[in-house]
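> Have a look at this fold, sequence not included:
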């Protein structure tokens, strides 16, 4: 039973919680491999993130780099751009909470998803022009009534035309986190996906 003093959750909180945000506080390490399969090409890089100390270990076919995000040199800063990108793809629902002071948002209950053309709700966030690796960018999240993201659109610099549109699918529940493993385009052989997902509590 909801008490009269209990504040209604925002749509940001509802989406984050539907993807397991309430379990994030006990995560000590988050491991993942970011993959892009396009036609016959394959790209990958792996990460270990310790969120409590903000230590990141980056691993690719050539080398391994470990750094603290609060004390980055120029090499780490460049590497961290890749970490921010890859982490956003897998944990974007949580960034709705982490970044909420950095963007404006609008919520529409009746919208049409761009790939499936199914009726869904839409959350649009537009990042401020200050700071970050990609200032001013916009994202349109399409989600069902359970607040699970099913598709999204990335619009660089908040332009009207989509820069990239993909699905969110093949969800995996891992230690309470609900993570989409595959992001596919409708019109080409493309799958941005995650493997080696591991949560250490």
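Thanks, I have the structure now. Note that the structure is a prediction, hence the values are computed from the model and not measured. Residues are numbered from 1 along each chain as shown.

> Helices along this protein, start to end?
Ranges of helices within the chain are 11-18, 74-98, based on DSSP state H.

> where in the chain is pLDDT low?
Applying pLDDT under 70 to the chain picks out residues 1-6, 131-134.

> nearest spatial neighbour of residue 155, skipping sequence neighbours?
Spatially, and ignoring its direct neighbours in sequence, residue 155 is nearest to residue 138 (4.3 Å; Cβ to Cβ, 6 or more residues apart in numbering). For glycine as for every other residue, the C-beta is placed from the backbone atoms N, C-alpha and C.

> Name all residues that make contact with the one you found.
Going by Cβ atoms under 8 Å, 6 or more residues apart in numbering, residue 138 touches 124, 125, 126, 127, 154, 155, 157, 158, 159.

> wait, doesn't residue 66 sit right on residue 53?
No - using Cβ atoms under 8 Å, residue 66 is not in contact with residue 53, being 11.0 Å away.

> if I look at the residue nearest to residue 155, how far off is residue 101?
Applying Cβ to Cβ, to the nearest Å, the value for residue 138 to residue 101 is 17 Å.

> what does residue 95 give?
Applying Cβ to Cβ, one obtains 12 Å for the distance of residue 95 from residue 101.

> What segments of the protein are strands?
Applying DSSP state E to the chain gives strands spanning 29-38, 41-50, 55-59, 64-68, 103-112, 119-127, 138-143, 149-155, 164-167, 169-174, 177-184, 190-200.

> okay, how far is it across stretch 168-185, tip to tip?
One end of stretch 168-185 to the other measures 10 Å (Cα to Cα, to the nearest Å).

> Now find how far off-centre it is within its chain.
10 Å (Cα atoms, centre = their mean, to the nearest Å).

> do stretch 100-118 as well
That offset, for stretch 100-118, works out to 15 Å (Cα atoms, centre = their mean).

> Buried residues, that stretch. List them.
103, 105, 107, 111, 113, 114, 115 (16 or more other Cβ atoms under 10 Å).

> measure the nearest residue to residue 122 once chain neighbours are set aside to residue 76 for me?
Closest residue in space to residue 122, ignoring its immediate chain neighbours: residue 111 at 3.7 Å, by Cβ to Cβ, 6+ apart. Separation of residue 111 from residue 76 (Cβ to Cβ) stands at 39 Å.

> Same question for residue 110.
44 Å.

> quick one: contacts for residue 96?
By Cβ under 8 Å, 6+ apart, residue 96 lies in contact with 12, 15, 16, 123, 125.

> next one: residue 171
By Cβ under 8 Å, 6+ apart, the contact set of residue 171 is 148, 178, 179, 180, 181.

> now, which of the residues you listed sits nearest residue 197?
Nearest to residue 197, judged by Cβ to Cβ, of those is residue 179 at 6.2 Å.

> Which residue is the nearest non-sequential neighbour of that closest one?
Residue nearest to residue 179 in three dimensions, not counting chain neighbours: residue 172, with 5.3 Å by Cβ to Cβ, 6+ apart.
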